[in-house]
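Trainee: build the 3D model from these lines:
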Amino acid sequence: MAENGSYSNFSTDSIHTGQDTCDKLYQCYSAVPPIYLSTIYKYPNAGEKLGYIYSRDLNPNRAALEAALAKLEGGQYCNAFSSGSAATSSLGFLLRAGDHVICTVDAYAGTTHFWRNIASRFNIELTLVDCSNLEDLDKAFKENTKMLYVETPTNPCLRVTDLEGAVALTRKHQDILIVVDNTFASPYFQRPLSYGVDLVLHSVSKYLN
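Mentor: Have a look, this model is predicted:
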């Protein structure tokens with residue numbers, strides 16, 4: 001992910017990150033990035049590519065969005081998906097058959113549906129826990145636990161998890177990815193990566209929109 005430098009506050013970061021609009025062909029800087037409709041991109045020479053190959057892989061508009069989201073969360077990288085549910089589903093590729101996932105019990109219904117009904121087909125175990133109760137969370141870990149998925153605040157019950165406490169409990173075990181759905185708080189109010197969380201997800205059609 002490319003960054004345009006460091007800024008002093010959230011509003012400045014959200015406005016300027018990812019907005020590198022230098023157009024070398026026309027020697028101008030647009031006030032906002034243009035919409036790129038290209039599906040393919042030219043190579044300067046055979047086998048010599050620039051930053052983009054095919055729009056399915058990446059295009060400048062998506063790169064700008066990803067740069068902005070990473071900056072606002074205080075992260076290094078970001079991948080934008082067609083939906084929040086698509087992002088959640090991609091987490092299944094980080095697991096193997098026999099792995100165990102702990103998930104917030106009252107997370108978004110599409111999330112619990114994925115873990116209960118889709119991931120389970122691939123022999124991924126699931127335990128649903130009220131993660132706002134750290135004692136219950138602590139009891140949920142198993143030898144094969146490989147992911148903790150926390151949604152805080154939850155949708156729609158608005159239960160809040162102590163992320164610092166949840167991370168501390170998880171780090172007593174080895175090789176567990178900590179994932180937080182930050183949709184309802186947004187990075188304006190909460191930055192999970194600063195507590196030691198590994199991955200942050202958003203449905204950007206909600207508060208970030």
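
Trainee: and the biggest helix by length in the chain, average pLDDT?
Mentor: Longest helix in the chain by number of residues (criterion: DSSP state H): helix 60-73. Helix 60-73 comes out with an average pLDDT of 92.

Trainee: right, and the helix or strand after that helix?
Mentor: The C-terminal neighbour of helix 60-73 among helices and strands, as given by DSSP states H and E, is helix 84-90.

Trainee: packing partners of that following helix?
Mentor: helix 109-113, strand 199-201 (3 or more C-beta pairs under 8 Å, 6 or more residues apart in numbering; DSSP states H and E). C-beta: built from backbone N, CA, C; applies to glycine.

Trainee: ok, back up a step: can you show me the CA trace of the longest helix of the chain as PDB?
Mentor: C-alpha atoms of helix 60-73 as PDB (Å, rounded to 0.1, in the frame of the first residue of the first chain):
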ATOM      1  CA  PRO A  60      -6.200   3.000  -9.200                       C
ATOM      2  CA  ASN A  61      -9.600   3.800  -7.600                       C
ATOM      3  CA  ARG A  62      -9.600   0.700  -5.500                       C
ATOM      4  CA  ALA A  63      -5.900   1.300  -4.600                       C
ATOM      5  CA  ALA A  64      -6.900   4.800  -3.400                       C
ATOM      6  CA  LEU A  65      -9.700   3.400  -1.200                       C
ATOM      7  CA  GLU A  66      -7.400   0.800   0.200                       C
ATOM      8  CA  ALA A  67      -4.700   3.300   1.000                       C
ATOM      9  CA  ALA A  68      -7.200   5.500   2.800                       C
ATOM     10  CA  LEU A  69      -8.700   2.700   4.900                       C
ATOM     11  CA  ALA A  70      -5.300   1.400   5.900                       C
ATOM     12  CA  LYS A  71      -4.200   4.900   6.900                       C
ATOM     13  CA  LEU A  72      -7.300   5.500   9.000                       C
ATOM     14  CA  GLU A  73      -6.900   2.200  10.900                       C
END
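
Trainee: quick one: Pro44 and Gly51 touch, right?
Mentor: No: assessed by C-beta atoms under 8 Å, Pro44 is found out of contact with Gly51, at 11.7 Å.

Trainee: can you give me the first-to-last residue distance of stretch 146-166?
Mentor: 14 Å (C-alpha to C-alpha, to the nearest Å).

Trainee: now swap in stretch 186-197 and tell me
Mentor: OK, stretch 186-197 end separation, C-alpha to C-alpha: 15 Å.

Trainee: centre of the chain to it, how far?
Mentor: Put simply, stretch 186-197 sits 11 Å off its chain's centre (C-alpha atoms, centre = their mean, to the nearest Å).

Trainee: quick check: Glu164 touching Tyr195?
Mentor: Yes: Glu164 is in contact with Tyr195 according to C-beta under 8 Å; the separation is 5.1 Å.

Trainee: of those two, who's got more company?
Mentor: Between Glu164 and Tyr195, counted using other C-beta atoms under 10 Å, Tyr195 has the larger neighbour count: 16 against 11.

Trainee: so in the chain, which strand runs the longest?
Mentor: Identified as the longest strand of the chain according to DSSP state E is strand 145-151.
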